[in-house]
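K.L.:
sequence first, then the predicted structure, then my questions.
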Amino acid sequence: MGDPGMIVLFTVLLPVVGAGLVLLLRKNENAREAATLVTGVVTFAHVLALLRLVRAGETPRLDIVQIVPDVWLSFEVEPLGMVFALVAGFLWPITSLYAIGYMRGHQEENQTRFFFFFAIAIAGAMGVAFSGNLFTLFVFYEFLTFCTVPLVTHHQTEEAKKSGRIYLGILLTTSVGLQLVAIIWTWVLAGTLDFRTGGILAGTASTGVLSAILVLYVYGVGKAALMPFHRWLPAAMVAPTPVSALLHAVAVVKAGVFTVLKIAVYVFGIDLLQTLTTTTWLAWAAAATIILGSLVAFQKDNLKARLAYSTISQLSYIVLGAMLANEMGIIGGGMHIAMHAFGKITLFFAAGGIMVAAHEKKISRMHGLGRTMPITFGAFLIGSLSIIGLPPAGGAWSKWFLGMGTLEADQLGLLAVLMLSSLLGLYYLLEVPVKAFFFKPLEDAHHKDGIHESPTPSLIAICITAAATMGLFLWPDLFYELMQMVVAGGAQ
Amino acid sequence: MSQNLPALLVVVPMLLAPIAALLNRSGPAWVVAAGGSWFAFGAAVQLLRRVMTEGVIVYSLGGWAAPIGIEYRIDMVSAFVTVIVTSIAAVGVIYARVSVADEISEDRHALFYAAFLLNVCGLLGIAITGDVFNVFVFLEISSLSAYSMIALGHDRRALTAAFQYLIMGSVGATFIVIGIGLLFVMTGTLGMMDLAQRIPEVWASGEGDRTIAVAFTFLTVGVTLKLALFPLHLWLPNAYTYAPSAVTGYMAATSTKVMVYLLMRFFFTVFGEQFSFDRMQLDMVLMPLALVAILAMSLVAIYQTNVKRLLAFSSVAQIGYMVLGISLGSVLGVAAGIIHLFNHALMKGALFMAMGCVMYRIGSVRIEDMKGLGKAMPWTMAAFVGAGLSMIGVPLTVGFISKWYLVQAALAQGSWFVAAIVMVGSLMALIYIWKVIEVAYFERREDEDEIQEAPLSLLVPTWALVAASFWFGIDAGTTSQVAISAAETLLGVMP
Amino acid sequence: MISFTLFNYWAVIVLMMVGFYTLISRDNLVKKLIGLNIFQTSVIMMYVSIGKITGGTAPILMESGDHGGEVAVDAGHAAVEVLYSNPIPHVLMLTAIVVGVATLALGLSLVVRINEAYGTIEEDEIARKDNAR
């Protein structure tokens, strides 16, 4: 397929081309959607091509333009980025499929704008995944923030406006106020922003300074939703469900935790992390977020809100994995990016399906719906199992490695946190299918008649992700292999 | 011809000004103004290139060498500033055609273009002259023409704004004259290079220390008054708000920038870094003022309801960034200041021009009148968003480059506090830019279909600046190289 | 020690303060301009004082050939028989006077326009009229 560098460029640019096509074909809905799907599939094919190269030990690299002396906008594909790109690339066409059913079923306005920015956002996610240095990472990180704003505020209501403010406010405050300072500080200290195995910061400044920079980074990545910078995620839930599903369960939030992992591994390096005072402290901050997120999720009756807090809690698993500063933790964190993505997107798909088909948002009103929508709720069950970390779903593996990581780091307390969170998850997630399948339908339900399954395109998407979630339990090797490469020193 | 380019740069606009006035018809006067501006732009670019390859250009007017005669002295800094001024003027004059026709009555067009050319001439003169009294003369040429251009605004408050500016500007200029006089008393020369040589001698002799310190103070206060450093900014918001749109866009991007240049020239070339920072402890004065400017003026900007006024306060805050860079006193800091001159010129020019487009179509720039413009005037508002991203400092825009160098300079000196305030400032910029965007895109208006997109003659210049603000944000190699070598020239650090 | 020989500088300072005070304290725009003008004039006087050398004559080359056409620029130190005043500050002030006149003219024309637009040239009344709208 030609020059590897070009493939990287194409992978990032294809969604932009797709967005252009969407704009061009706005008069014809079917053609427009076909454009999205085709670009999605082609993009994923490119990602797969890159995957082959990465597994063969190559790191395709492409320097695009020198911004200021010695700071380049450049792409580099390494295993960790590959994990993220695979997840985002695979789920984009699936989500598009789902979105077609959802947006039409829900009779949403401004669909062209929706699909346009959706594609652009994927380009941003690909850019984050393949960024070759901290600067490029930051560029696409911010890019992703801005191009998802029109999606969050899609309905243009007062509520959407308010959410848009919170969304932009928190994400930009953290990224500009903390992360950018940390990046420039790194530049001043290390004189480079490249990602290198073993890190670039070791030995450049005192432990105290580096510890402070670590804190700036971890909190500066607001997309990782570490408390108290998590409010944007529930706020973003006003967006149409496909947005919540792909962006706020996969692309945006995963871009955040991916950044944390990447910084931990390639900027600080595991060895340096272990010596910093704030590492453990941040691990406990993540642990607190895990528990608090679960507890809040507990109280939410709105299904999407509950899923949002569950996401906050789950994201901190990955931050925790990074802050454990050992191989198992990193492997677990990286795998959790993929596992959680598949599980959570299934849950969101199901939630959206319920909304379109039965017009219900509240869990307390979902009694008995499982009988009329068995596939949707069945998928929800599988997704829940993955999030909780039970077989036969992929989530079990990442939790396993994270657990191993806590043991290796001699942090039994953190292991207990993981267990407790799983127990909480067991309750707040399984409550939904249990109510749907085993409870009697409500008397006053206004939708007694005429309930059917989710729209067909959506249903297909739900089935695919649910199957993938189970498949990942049986064949997690790919992600494990990639993460092994990360901790073993990339492709060097 | 090319030998006399430094003189022509100033003389051509100056001579074209009376011609424009005499033609006394809108069209021909505009042609003259456009010709002059574009000539100056070409000349400035040519000069910058020559400075980059050959080094400092010295041009003695009338063949009289300094200190007897007046010399034009073009080094990296002045060449860069002339490019900033002329590029904005060249874009601005294109923009002015339609905007001026809309906002200023027909019989005054020729006079407007004459004033415009004089202003360009004055600003360029300040930038390239090597004689301090000559600075004053050009300063007054640019100021007087600026007062009259502001007074042409269609709101009657433009008159009071221009008057206020005239009073404060003249006081500032007079302060500068006093400072120059005191310097002359102590050194007997007016040439910048001569002064740079003699001031340390006089200072070292111990006799003239106090007089030179007083001269320094007068000059600093005078120039900071002209560049609207907080708290001497009071003339600026009204002047920018009520001036014709074309004037605001052009002036916001040029005049304060040239004053910042002048400040650097005095601090680093004439008095020298040692005197400015060790003897006068400039950083102790300028840095707090700059930081307060950033925070307080951004805060005030957030509460404005007139977008031009909002942007004006934002300008005062942005001047804080430039002065902050100077007050750091390091090569990186000064380079950050210099590069922000250029970058801010691009983005603020674009923002004001976008507002001019809005003015042209709906006759108001109050926030509440901008409802639904995201739909009605998509290109105009997209330009506003694009330039607004730059104000916030989003990567791949020029605003980011400025911030990159400024924060780097602050952190290199361990001033994390300064770095933090710079960041807080850009977040406040986010708030005031977002305020406008929110209204334009989220509110609807009834007459959405009746409002048309601004004409191309306004949109093209606006977008030219927006595009430049992205271009120089992505490929900042040249600008940052120029800025750094300019800073090195100023600080006397030869690479 | 206050030297009597420096009395013109004291006059300069007094004038400067008078002008500056008028400029700040008066509401009437014309009075403001008058203050500004006094302020500027004081600076002109300062320059003129700088250039004047006690006993110096106008810097026109003397006919007499005895002096060999020597021109004393820095008369304070040069030991020549004919003392010349320093012409440079005086020449500079020609420019400054022109600038001052131009400023005054522009200022006054602005006042005329303000009077047409507002019907008053009192600053407080103008402010009231602006706020009333």
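P.N.:
Arrived safely, thanks for sending. Computed from a prediction, not measured in an experiment: that's the story for all the values here.

K.L.:
C-alpha from now on. contacts and neighbour counts both.
P.N.:
OK.

K.L.:
mind listing what's buried in stretch A:398-410?
P.N.:
A:Ser398, A:Lys399, A:Phe401, A:Leu402, A:Gly403, A:Met404, A:Gly405, A:Thr406, A:Leu407, A:Glu408, A:Ala409 (16 or more other C-alpha atoms under 10 Å in any protein chain shown).

K.L.:
cool, and stretch A:361-379?
P.N.:
The neighbour-count check on stretch A:361-379 (16+ other C-alpha under 10 Å) flags A:361-363, A:365-379 as buried.

K.L.:
before we move on, back to that, format the buried residues of stretch A:398-410 as JSON lines; extra columns: secondary structure and pLDDT.
P.N.:
Formatted as JSON lines, the buried residues of stretch A:398-410 follow (DSSP: H, G, I helix; E, B strand; the rest coil; pLDDT from 0 to 100):
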{"residue": "A:Ser398", "secondary structure": "helix", "pLDDT": "88"}
{"residue": "A:Lys399", "secondary structure": "helix", "pLDDT": "88"}
{"residue": "A:Phe401", "secondary structure": "helix", "pLDDT": "89"}
{"residue": "A:Leu402", "secondary structure": "helix", "pLDDT": "89"}
{"residue": "A:Gly403", "secondary structure": "helix", "pLDDT": "89"}
{"residue": "A:Met404", "secondary structure": "helix", "pLDDT": "89"}
{"residue": "A:Gly405", "secondary structure": "helix", "pLDDT": "89"}
{"residue": "A:Thr406", "secondary structure": "helix", "pLDDT": "89"}
{"residue": "A:Leu407", "secondary structure": "helix", "pLDDT": "89"}
{"residue": "A:Glu408", "secondary structure": "helix", "pLDDT": "87"}
{"residue": "A:Ala409", "secondary structure": "coil", "pLDDT": "85"}
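
K.L.:
state the mean pLDDT of the one helix or strand A:Thr11 maps to.
P.N.:
Under the criterion of DSSP states H and E, A:Thr11 resides in helix A:4-24. The pLDDT scores in helix A:4-24 average 85.

K.L.:
I'd like the average pLDDT over the next helix or strand after it.
P.N.:
Scanning forward in sequence from helix A:4-24 by DSSP H and E, the next helix or strand is helix A:29-55. Helix A:29-55 shows a mean pLDDT of 86.

K.L.:
list the strands paired with the helix or strand that comes right after helix A:29-55, with their directions.
P.N.:
Later in the chain than helix A:29-55, the nearest helix or strand by DSSP H and E is strand A:61-68. Sheet pairing here is set by DSSP bridges, and for strand A:61-68 it gives strand A:71-76 (antiparallel).

K.L.:
quick one on the thing from earlier: reformat the buried residues of stretch A:398-410 as CSV; add distance to B:Gln408.
P.N.:
Formatted as CSV, the buried residues of stretch A:398-410 follow (distance: C-alpha to C-alpha, whole Å):
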residue, distance to B:Gln408
A:Ser398, 39
A:Lys399, 40
A:Phe401, 39
A:Leu402, 37
A:Gly403, 40
A:Met404, 40
A:Gly405, 37
A:Thr406, 37
A:Leu407, 40
A:Glu408, 39
A:Ala409, 36
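
K.L.:
so where's chain A uncertain?
P.N.:
A:1-2, A:443-451, A:489-492 (pLDDT under 70).

K.L.:
let's see it at 50
P.N.:
A:1, A:490-492 (pLDDT under 50).

K.L.:
contact residues of it facing chain C?
P.N.:
Neighbours of chain C within chain A, by C-alpha under 8 Å from any C-alpha of the partner chain: none found.

K.L.:
which one's the longest helix in chain A?
P.N.:
Assignment by DSSP state H gives helix A:327-358 as the longest helix of chain A.

K.L.:
packing partners for that one?
P.N.:
Helices and strands touching helix A:327-358, by 3 or more C-alpha pairs under 8 Å, 6 or more residues apart in numbering or on different chains; DSSP states H and E, are helix A:79-105, helix A:241-246, helix A:252-262, helix A:303-324, helix A:374-388, helix A:395-408, helix A:456-474, helix A:477-487.

K.L.:
how far out from the middle of the chain is that helix?
P.N.:
8 Å (C-alpha atoms, centre = their mean, to the nearest Å).

K.L.:
next: stretch B:118-129.
P.N.:
12 Å.

K.L.:
again with stretch B:389-405
P.N.:
18 Å.

K.L.:
please save the CA atoms from it in CSV.
P.N.:
Backbone C-alpha positions of stretch B:389-405 (Å, rounded to 0.1, in the frame of the first residue of the first chain) are rendered in CSV as follows:
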residue,chain,number,x,y,z
LEU,B,389,-9.4,30.4,18.4
SER,B,390,-6.2,32.3,18.0
MET,B,391,-7.0,34.7,20.8
ILE,B,392,-7.6,31.7,23.1
GLY,B,393,-4.3,30.3,22.0
VAL,B,394,-5.5,27.0,20.4
PRO,B,395,-2.5,25.1,18.9
LEU,B,396,-1.9,25.6,15.2
THR,B,397,-2.9,29.2,15.4
VAL,B,398,-0.6,32.2,16.0
GLY,B,399,-2.0,32.8,19.4
PHE,B,400,-0.5,29.5,20.5
ILE,B,401,2.9,30.4,19.2
SER,B,402,2.9,33.6,21.3
LYS,B,403,1.9,31.7,24.4
TRP,B,404,4.4,29.0,23.7
TYR,B,405,7.3,31.4,23.8
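
K.L.:
contacts for that stretch next, please.
P.N.:
Applying C-alpha atoms under 8 Å, 6 or more residues apart in numbering or on different chains, the contact partners of stretch B:389-405 are A:68, A:138-139, A:142, A:184, B:332-333, B:335-337, B:339-340, B:343-344, B:347-348, B:422, B:426-427, B:429-430, B:469-474, B:476.

K.L.:
follow-up on the earlier one: so which of the helices and strands packed on helix A:327-358 is the most surrounded?
P.N.:
helix A:303-324 (a mean of 28; mean count of other C-alpha atoms under 10 Å in any protein chain shown).
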